[in-house]
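Q: below: sequence and its predicted model.
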Amino acid sequence: MTTHAATAAPTEHVHRDDVGSRLGMWLFLFTELILFGGMFIVYAVYRYSYPLEFQLAARELDTLLGTINTIILLTSSLTAAMSITAMQEGKKDLTLVFLGATIVLAGLFLVNKYFEWGHKFDVGLYPQSPDMLAKPVGEVLYFGLYYVMTGLHGLHVIIGMGLIGWVMRQVAVGSVNQGSFVRLESAALYWHLVDIIWIFLFPLFYLLH
Amino acid sequence: MSTPLHELPDGHEVHAHKVTYGQFFLIYLGLIALTGLTVALAGIDLGRWILVSALGIASVKTILVLNIFMHLKFEDSLFRWFVGVALLILGIFFALTFFDYAFH
Amino acid sequence: MLVMLERTLGIGVFDPTKGGDPVLYQHMFWIYSHPAVYIMILPAFGAVSDIIATFARRTIFGYKLMALSTLSIALVGYLVWGHHMFTAGMSTESRFIFSLLTFLVAIPTAIKVFNWVATLYKGSIELEVPMLFALAFIFQFSIGGLTGLLNGALATNIQIQDTSFVVAHFHYVMFGGTGFALFGAIHYWYPKMFGRLYNPRPSKIAWVLMVIGFNTLYFPLFIIGWQGMPRRYYDYLPEFALYHRISMVGSWILVLGLLIMLVNFLVSLRRGAKASADPWGGVTYEWTIPSPPTAENFAEIPVMTGKPYDYSKYEKPAEVM
């Protein structure tokens, strides 16, 4: 069954496995899925327990801003996807344009978030505030979950921006190119997951009424 | 269905399947439309059904993003199995946890 | 993370005064932590299969079922987390389901134990050090697994939850099981990894001390746990004193054994005899390349032609420890 294989000196080629690399990224995305999934379970249990308070609390959220942010993130997913097409066509500059657009849109999302949270802080709606502590417990839970989940999501947006920026640099210097761009695909996969998480966060927090 | 690989001059293989800008844009328009739908539905009093419809629409959007933007439709079927198992396990977590709370 | 935020920022997700539910926290905690222990035990199972096949000079009994049971344990292991929470306040129906699933996951595990024992039957057994650890594993893991069933049954769980019985159970599976299997694995692959043979005599002495020490340390905990000794207590009633003292002596013996084993590893790194590619007569692929392996391991990717653990055409090599 086995043959005694004589080992030769290691060859010069670098081991490359694009399918493996993509699969590896998908496996990491599954861990993110469980991370956010767990929090969605917590949300689901508390919404089930406090349906009225969740509805009441949701009125404090700005639906328009949330919708705009959703569209911004969807557009950024579009540009990220298109960057791969551009790469496949060997158009380095167009790739960089699309990636840059993705980062700009992500930044816009964060700016909106900043205003959203800022407004809430001004109105006294932050954890441990006197207004918050006076609210019924169901609402306190809603806001707690709101801050934690959108906060963690925002953190992932920042990380995604960094990741895409890193890949942009590699595209610019040519280490990611038409013949080898699995890193670009992986970064885009991460970004799409960030988008998918928001696709669920949006209706569950903003569109409760 | 797995996408054909084509061999480059230096011997490596890359994905031959390319989604065009137009195809991506079409999917994008669908996603925007679904977003509009979900916002519109939120304004109507659907009672219990608002949750189901919101999650349903979100799921359709996710399926579009997964399959086209994330290329899942064009990858090896192994990838779809992996995603399926991951989603199944998440579903089981939801189901069993809720099973507990349903009887409290 | 959520608990940290709860403590620092006052985001009361699990705080009852803020409407939170501590049971939900426990769900979240165990949804990860139970699969985690299966992540720990499954590689140990794999090592035991390799070791037993090699040192009984037999093909593993029922290979297909072994592979399938590994997959079943992996899958069903995701569904049983509630068995850590039987006394926490879950609904009765929920406890019933989790108990049922826990019993289900015991089935593929038992299949593996039976298959290992069947592999030993009529095998040509060599009591090399890895084999000693694998045998200890079978004994100790069986005790751990069976007492797991006692924990998993709702009626008995009420008596033994949060007692030393649980402590003894998980130490039997994690230490007596995974731990011992991994010690065996280190001995098994030591020549391959480091290119040197360890000295078997100290390791065998260490093994004797470890088996005696481990069981002396943990078995009394089953007894006092059943009698009501709570876990996580540093102080106890006088009737438990004798058992605690026996346990303590066991710990000294165990530590002595561990130290001897570890020192042997370190000394053999420098003073051990050079190892050939295949000191044990193994038939898996790692034994076809030099010890230690070169970069990239194989000159060309090997093509697998036979069945796994195929000992049918085996002949003992000239050089054997």
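A: Structure received. Numbers count the residues shown, from 1 in each chain, chains lettered A, B, ... in the order given.
Q: check contacts around C:Lys274.
A: Residues in contact with C:Lys274 (Cβ atoms under 8 Å, 6 or more residues apart in numbering or on different chains) are C:195-197. For every residue, glycine as well, the C-beta is placed using N, CA and C.
Q: what's the local residue count around residue 133?
A: Because you didn't say which chain, this covers chain A. 12 (other Cβ atoms under 10 Å in any protein chain shown).
Q: wrong one, I was asking about chain C
A: 27.
Q: before we move on, the earlier item: from the contacts of C:Lys274, which is closest to C:Leu146?
A: The closest of the contacts of C:Lys274 to C:Leu146 turns out to be C:Leu197 (Cβ to Cβ; 36.6 Å).
Q: in the longest helix along chain C, what's buried?
A: Assignment by DSSP state H gives helix C:22-55 as the longest helix of chain C. Buried residues in helix C:22-55, counted by 16 or more other Cβ atoms under 10 Å in any protein chain shown: C:23-28, C:30-31, C:34-35, C:38, C:41, C:44-45, C:47-55.
Q: what sits up against the helix or strand just after that helix?
A: For helix C:22-55, the following helix or strand on the C-terminal side (DSSP states H and E) is helix C:63-76. Residues outside helix C:63-76 that contact it (Cβ under 8 Å, 6+ apart): C:38, C:42, C:45-46, C:49, C:60, C:101, C:104-105, C:107-109, C:111-112, C:115, C:307-309.
Q: show me how far helix C:63-76 is from its chain's centre.
A: 16 Å (Cα atoms, centre = their mean, to the nearest Å).
Q: can I get the helix-or-strand element of chain A with minimal mean pLDDT in CSV, CA atoms only?
A: The weakest-scoring helix or strand in chain A, judged by mean pLDDT, DSSP states H and E, is helix A:130-134 (a mean of 84). In CSV, the C-alpha atoms belonging to helix A:130-134 read as follows (Å, rounded to 0.1, in the frame of the first residue of the first chain):
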residue,chain,number,x,y,z
PRO,A,130,-31.0,58.4,34.2
ASP,A,131,-33.6,58.3,31.4
MET,A,132,-32.6,54.8,30.4
LEU,A,133,-32.8,53.5,34.0
ALA,A,134,-36.3,55.0,34.3
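Q: which strands and helices sit next to it?
A: helix A:137-173 (3 or more Cβ pairs under 8 Å, 6 or more residues apart in numbering or on different chains; DSSP states H and E).
Q: quick one: the helix it packs on near chain B?
A: No. Applying Cβ under 8 Å from any Cβ of the partner chain, one finds helix A:137-173 out of contact with chain B, separated by at least 13.9 Å.
Q: report all helices and strands that that helix contacts.
A: Right, helix A:137-173 is packed against helix A:18-49, helix A:51-58, helix A:92-123, helix A:130-134, helix A:182-206 by 3+ Cβ pairs under 8 Å, 6+ apart.
Q: residues from chain C in reach of chain A?
A: For chain C, the residues in contact with chain A (Cβ under 8 Å from any Cβ) are C:2, C:5, C:9-13, C:17-21, C:24, C:27-28, C:31-32, C:277, C:283, C:285, C:287-290, C:293-300, C:302, C:304-307, C:310, C:313.
Q: among those residues, name the buried ones.
A: Buried among these (16+ other Cβ under 10 Å): C:2, C:5, C:10-13, C:18-21, C:24, C:27-28, C:31, C:277, C:283, C:287-289, C:297, C:310.
Q: and residue 102, how many neighbours?
A: Since no chain was named, I'll use chain A. Close neighbours of A:Thr102, defined as other Cβ under 10 Å, add up to 27.
Q: try chain C instead
A: Using other Cβ under 10 Å: C:Thr102 sits among 25 other residues.
Q: go on, A:Pro203?
A: Applying other Cβ under 10 Å, we find 24 residues neighbouring A:Pro203.
Q: what do you get for A:Val137?
A: A:Val137 has 18 nearby residues by other Cβ under 10 Å.
Q: about what we covered before: pick the most buried one from the helices and strands packed on helix A:137-173.
A: helix A:182-206 (a mean of 23; mean count of other Cβ atoms under 10 Å in any protein chain shown).
Q: that one near chain C anywhere?
A: No. On the criterion Cβ under 8 Å from any Cβ, helix A:182-206 is out of touch with chain C, staying 14.8 Å away.
Q: any low-confidence regions in the stretch 151-300 of chain C?
A: Judged by pLDDT under 70, the stretch 151-300 of chain C has no weakly predicted residues.
Q: possible to save the helices and strands packed on helix A:137-173 as JSON lines with distance to C:Phe180?
A: JSON lines is the format used below for these (distance: least, Cβ to Cβ, whole Å):
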{"stretch": "helix A:18-49", "distance to C:Phe180": "30"}
{"stretch": "helix A:51-58", "distance to C:Phe180": "51"}
{"stretch": "helix A:92-123", "distance to C:Phe180": "51"}
{"stretch": "helix A:130-134", "distance to C:Phe180": "53"}
{"stretch": "helix A:182-206", "distance to C:Phe180": "40"}
